[in-house]
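**Student:** would you be able to build a 3D model of this:
(one chain, ligands or ions: 2)
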Amino acid sequence: MEKLVIEGGKPLSGTIRIHGAKNAALPVLAASIMAEGTHTIENVPDLLDIHVMLDILRALGCRAELRGDTVTVDTSSANSSHIPEELMKQMRSSVFLMGPLLARFGKVQIYQPGGCAIGERKINLHLQGLQALGAVVEESGHTIVCWAKRLKGADIVLDFPSVGATENIMMAAAMAEGITTIYNAAREPEIVDLQNYLITMGAKMIGAGTDTITIEGVPKLTPTTYKVIPDRIVTGTMMMAAAVTRGNVTLENVNPAHLTSVTHVLKRAGVQVTTDDDIINVTCHTRPKAVERVVTAPYPGFPTDLQPQMMVLLSLAEGISIIKETIFDGRFKHVDELSRMGADIRTDLNSAFIRGVPRVYGATVESTDLRAGAALVIAGLAARGTTVVEQVHHIDRGYDRIELLLGQLGAKVSRYTEVASKSLLS
Ligand SMILES: CC(=O)N[C@H]1[C@@H](OP(=O)(O)OP(=O)(O)OC[C@H]2O[C@@H](n3ccc(=O)[nH]c3=O)[C@H](O)[C@@H]2O)O[C@H](CO)[C@@H](O)[C@@H]1O
Ligand SMILES: C=C(OP(=O)(O)O)C(=O)O
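**Tutor:** Ligands and ions are numbered 1, 2, ... in the order given. Below is the predicted model of the structure:
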């Protein structure tokens, strides 16, 4: 077990480069198995979830390795469509392999996926989409088996613009017979990235980034070299860290267009944000102002993956703010921990009412999930005194050594193992 120890109260300052997007790299790596041969995927972040995906690809018979920020996957020796349960449970994104394995082998056996405890995360839309393409789905306990002699194109209307379901259907449909149209598709930048990768492999599809995606299946895809997009959630996290510490931070290798809703909310809070091609600068010299209402929504709305971090900023803002979480039903676990640091937050169902306080104080807090953990780190940076964030493995799922990233901006964040931290804190 590892912990982060944060000495708060120092404004962040400097320039950092943002790593590639976890949520883009994961479906891209899953899709690689559809084309036999060697793929080179660039700008891949060195994260726990990426390593789990590489382990799964290896368990399926592929050769896969990450060197620097480049993954090489040789899928020619893939010989299994059964994802081992212990790997399946390690992350939600293991579910992305359903569509690709069905497309390549006509069969897939998985188990209910694991992942962060942020609410009920069903996969019914994934399964309904694959069924619409002609797959037979059998569920027994935790085990799910799907098969299809040949997938066939179909019109699919999603009840909700689920990111994962859109991606799974896009991948399966890329090699189905005929035309598939996904209505009410998710519009996230990661969907566009997946479409771009699939097109580079020879797939025929248009519409990603809008709510209607049309795919004409092709019999075969070919391996390729592809560079994934920058991580908009890591970017947003660092923007908020800069703001709460009243710092001046420049983020490079980012796509400002992916953060329009976030920039808009930060500006309403009085934070200065300027952008250039692939650069964002965030400067904040005064206490942020409350924002009456922030509502999470599918892209291009305010991302749920930045809701906990935004809550930290609003906890320190002048006035009363409300955050409404509309995507996940259990994504307020950070509230209790922030309250332990002195934040004044009440929740009612999916709304959080935040009365800004002038400062928060260091405490020992627990990271309950990935973005909650990131939020606690940000709170620790702004706090008076020392903050210890426990259960760092959650944070490692989405941030490549967050302490080093923040250290480049002058933050004092150190990582300790259980044994070291005991002696440090005794
Ligand atoms: C690896 C990855 O890309 N993860 C992101 C992806 O997760 P993920 O793809 O899991 O998110 P979805 O968009 O599918 O889920 C959104 C909502 O739809 C519900 N739902 C989803 C699928 C389904 O079959 N049935 C169903 O009811 C979920 O419970 C949730 O309440 O999008 C989320 C929403 O932007 C982000 O928070 C995650 O960081
Ligand atoms: C919820 C997240 O990821 P996942 O869907 O992989 O759990 C996230 O990235 O914040």
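**Student:** enumerate every residue touching E403.
**Tutor:** 4, 411, 413-415 (C-beta atoms under 8 Å, 6 or more residues apart in numbering). Yep, even glycine has a C-beta here, placed from its N, CA and C like the rest.
**Student:** ends of stretch 347-359, what's the gap?
**Tutor:** Start-to-end span of stretch 347-359 (C-alpha to C-alpha, to the nearest Å) is 20 Å.
**Student:** restricted to strands, list the contacts of E403.
**Tutor:** 4, 413-415 (DSSP state E).
**Student:** F353 is in what secondary structure piece?
**Tutor:** Assessed by DSSP states H and E, F353 sits inside strand 351-355.
**Student:** can you list the strands that the helix or strand that that strand is followed by pairs with?
**Tutor:** Using DSSP H and E, the helix or strand that follows strand 351-355 in sequence is strand 364-366. Looking at strand 364-366 with DSSP bridges, its partner strands are strand 386-390 (parallel).
**Student:** can you name the residues of the stretch 1-150 of the chain that neighbour ligand 2?
**Tutor:** 23, 91-93, 115-116, 118 (C-beta under 6 Å from any ligand atom).
**Student:** what about stretch 86-100, near ligand 1?
**Tutor:** Yes. Counting by C-beta under 6 Å from any ligand atom, contacts between stretch 86-100 and ligand 1 involve 92-93.
**Student:** what sits up against that stretch?
**Tutor:** With C-beta under 8 Å, 6+ apart, stretch 86-100 has contacts from 26-27, 30-34, 48-49, 52-53, 55-56, 59-60, 83, 108, 110-116, 121, 123, 126, 130, 146, 164, 167-173, 397.
**Student:** that stretch: how far from the chain's middle?
**Tutor:** 14 Å (C-alpha atoms, centre = their mean, to the nearest Å).
**Student:** put the alpha carbons of it into CSV.
**Tutor:** Provided in CSV are the C-alpha atoms of stretch 86-100 (Å, rounded to 0.1, in the frame of the first residue of the first chain):
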residue,chain,number,x,y,z
GLU,A,86,-8.8,-12.1,-12.5
LEU,A,87,-7.7,-9.6,-15.2
MET,A,88,-11.3,-8.8,-16.2
LYS,A,89,-11.9,-7.7,-12.6
GLN,A,90,-9.0,-5.3,-12.4
MET,A,91,-10.7,-2.7,-14.6
ARG,A,92,-13.9,-1.7,-16.3
SER,A,93,-12.1,-1.2,-19.7
SER,A,94,-11.6,-5.0,-20.1
VAL,A,95,-15.1,-4.9,-21.5
PHE,A,96,-13.7,-3.1,-24.6
LEU,A,97,-12.4,-6.4,-25.9
MET,A,98,-15.9,-7.8,-26.4
GLY,A,99,-16.5,-6.2,-29.8
PRO,A,100,-13.0,-6.8,-31.1
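**Student:** next, the buried residues of that stretch.
**Tutor:** For stretch 86-100, burial by neighbour count (16 or more other C-beta atoms under 10 Å) applies to 87-100.
**Student:** domains for the protein, by residue range?
**Tutor:** Domain ranges of the chain: 2-19+230-425, 22-227, per automatic domain parsing.
**Student:** how about CSV for those, with mean pLDDT added?
**Tutor:** Listed next are the domains of the chain as CSV, based on pLDDT from 0 to 100:
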stretch, mean pLDDT
domain 2-19+230-425, 96
domain 22-227, 96
